[in-house]
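J.: Below: sequence and its predicted model.
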Amino acid sequence: MNSNSDTRDKLALERTRLANERTFLAYVRTGLSLLAASAVLFQFFSSLNSYILVAWVLAACGLVVLCLGVYRFNDVRKKLNDRP
């Protein structure tokens, strides 16, 4: 019975690690989408100042999301690796 419990615990930990990776990829996808949107605004609407401001805000948000995703991924991974 103890062996079965150990196997379940290991599989649960592996599922949690995989969920952490999926979450990290979602952060990366969102950050890159925000950066791409800002690049489109810079490229096609550079003559309008209001769009330039929006593009800078989107670029800043994209970088914040990327940094937050990297920080969160590493934090959760460290906590999972510290478990016995």
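T.: Nice, thanks for sending it over.

J.: What average pLDDT does stretch 75-84 get?
T.: For stretch 75-84, the mean pLDDT works out to 88.

J.: Centre-most residue in this protein?
T.: The structure's the chain has its C-alpha centroid closest to residue 27; by Cα atoms, centre = their mean the separation is 2.1 Å.

J.: Quick check: buried residues in stretch 55-67?
T.: By neighbour count on 16 or more other Cβ atoms under 10 Å, the buried set for stretch 55-67 is 55, 58, 59, 61, 62, 65, 66. Where you see a C-beta, it was placed from the backbone N, CA and C, and this is true even at glycine.

J.: Just the ones in helices from the residues you listed, please.
T.: 55, 58, 59, 61, 62, 65, 66 (DSSP state H).

J.: Quick check: the gap between the third one and residue 66.
T.: Distance, residue 59 to residue 66, by Cβ to Cβ, to the nearest Å: 11 Å.

J.: related to what we said a few turns ago, how far away from the center of its chain is whichever strand or helix holds the residue nearest to the centre of the chain?
T.: Element membership of residue 27, judged by DSSP states H and E, is helix 2-44. How far helix 2-44 lies from its chain's middle: 6 Å, per Cα atoms, centre = their mean, to the nearest Å.

J.: Average pLDDT for that helix, rounded please.
T.: Rounded mean pLDDT across helix 2-44 is 93.

J.: which helices and strands sit right next to that helix?
T.: On a contact count with 3 or more Cβ pairs under 8 Å, 6 or more residues apart in numbering; DSSP states H and E, helix 2-44 meets helix 49-81.

J.: okay, the angle between the helix it packs on and helix 2-44?
T.: Interaxial angle of helix 49-81 relative to helix 2-44 (axes from the mean of the first three to the mean of the last three Cα atoms, to 10 degrees): 160 degrees.
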